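Novice: coords please:
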Amino acid sequence: RAAAADALASRHDLPLVGVFTAWYAALRLAVTGRRDEARTAYRAAASRLAGVGMPGLERGLLPLALLSLGEVPDADWGPHEPWARPLVLLARGDRDAARAAAAAVPDSPHDLLFEARTCLHARAAVELEDRALAERLYPRLLPAAGELAGAGSGLITLGPTAHHLARLSTVLGRHDQAAEHHRQAQALTAKTHSPQ
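Specialist: Predicted coordinates:
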């Protein structure tokens with residue numbers, strides 16, 4: 001479908017279509033576990049954002065994509081900075097600052113990256129073993145338990161939301177609930193042929 005969209009865009013001189021299909025192609029590589037190829041594809045897709053008049057995507061989207069692949073770049077996070085900051089600080093070994101940053105993260109806007117940003121926040125809660133934060137984030141992610149977090153954006157994913165719910169459940173000591181979420185995550189990865 002992306003190839004068909006690119007062909008139509010070329011025929012009708014619609015260059016922005018190619019920007020989105022490039023990001024979608026990178027997302028597909030990420031979903032199927034081809035992380036090195038996905039990193040390269042994300043960098044190429046990001047280079048197409050320069051000057052297209054979409055500052056909301058141009059600033060911080062590449063670092064967010066790389067973070068979704070497990071890389072913690074030192075970068076301009078743009079509007080995603082509050083959600084990335086605790087993980088950046090944890091990567092530097094500064095747990096106290098990470099804890100303060102995680103406590104200061106605002107509620108995510110309810111847009112196509114809501115689950116992705118909330119999963120980043122959940123990742124920090126798990127690494128910090130912050131039960132209060134885990135308790136707060138769990139119900140926010142629960143409605144998306146059967147989805148790949150962020151994939152609806154066509155840009156990035158943090159893998160199965162159920163995986164993050166399982167980890168939050170473990171922090172909360174809810175082991176039966178964690179096991180059920182692990183089963184959900186495994187079923188989704190099998191369905192999407194994803195190793196995440």
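Novice: stretch 76-88 - what's its average pLDDT?
Specialist: Stretch 76-88 comes out with an average pLDDT of 96.
Novice: chain center to it, what's the gap?
Specialist: Offset of stretch 76-88 from its chain centre (CA atoms, centre = their mean, to the nearest Å): 12 Å.
Novice: which other residues reach it?
Specialist: Residues outside stretch 76-88 that contact it (CB atoms under 8 Å, 6 or more residues apart in numbering) are 56, 58-61, 63-64, 67, 72, 74, 98-99, 101-102, 104-106, 108, 113, 117, 120-121, 123-124, 127-128. No exception for glycine: its C-beta is placed from N, CA and C like everyone else's.
Novice: mind listing what's buried in that stretch?
Specialist: Trp77, Gly78, Pro79, His80, Glu81, Pro82, Trp83, Ala84, Arg85, Pro86, Leu87, Val88 (16 or more other CB atoms under 10 Å).
Novice: ok, now stretch 33-52?
Specialist: Within stretch 33-52, the residues that count as buried by 16+ other CB under 10 Å are Arg35, Ala38, Arg39, Ala41, Tyr42, Ala45, Ala46, Arg48, Leu49.
Novice: re the thing from before, can you put the buried residues of stretch 76-88 in JSON lines and add distance to Arg140 and secondary structure?
Specialist: Supplementary listing: these in JSON lines, determined by distance: CB to CB, whole Å; DSSP: H, G, I helix; E, B strand; the rest coil:
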{"residue": "Trp77", "distance to Arg140": "21", "secondary structure": "coil"}
{"residue": "Gly78", "distance to Arg140": "22", "secondary structure": "helix"}
{"residue": "Pro79", "distance to Arg140": "19", "secondary structure": "helix"}
{"residue": "His80", "distance to Arg140": "17", "secondary structure": "helix"}
{"residue": "Glu81", "distance to Arg140": "19", "secondary structure": "helix"}
{"residue": "Pro82", "distance to Arg140": "15", "secondary structure": "helix"}
{"residue": "Trp83", "distance to Arg140": "13", "secondary structure": "helix"}
{"residue": "Ala84", "distance to Arg140": "18", "secondary structure": "helix"}
{"residue": "Arg85", "distance to Arg140": "19", "secondary structure": "helix"}
{"residue": "Pro86", "distance to Arg140": "16", "secondary structure": "helix"}
{"residue": "Leu87", "distance to Arg140": "18", "secondary structure": "helix"}
{"residue": "Val88", "distance to Arg140": "22", "secondary structure": "helix"}
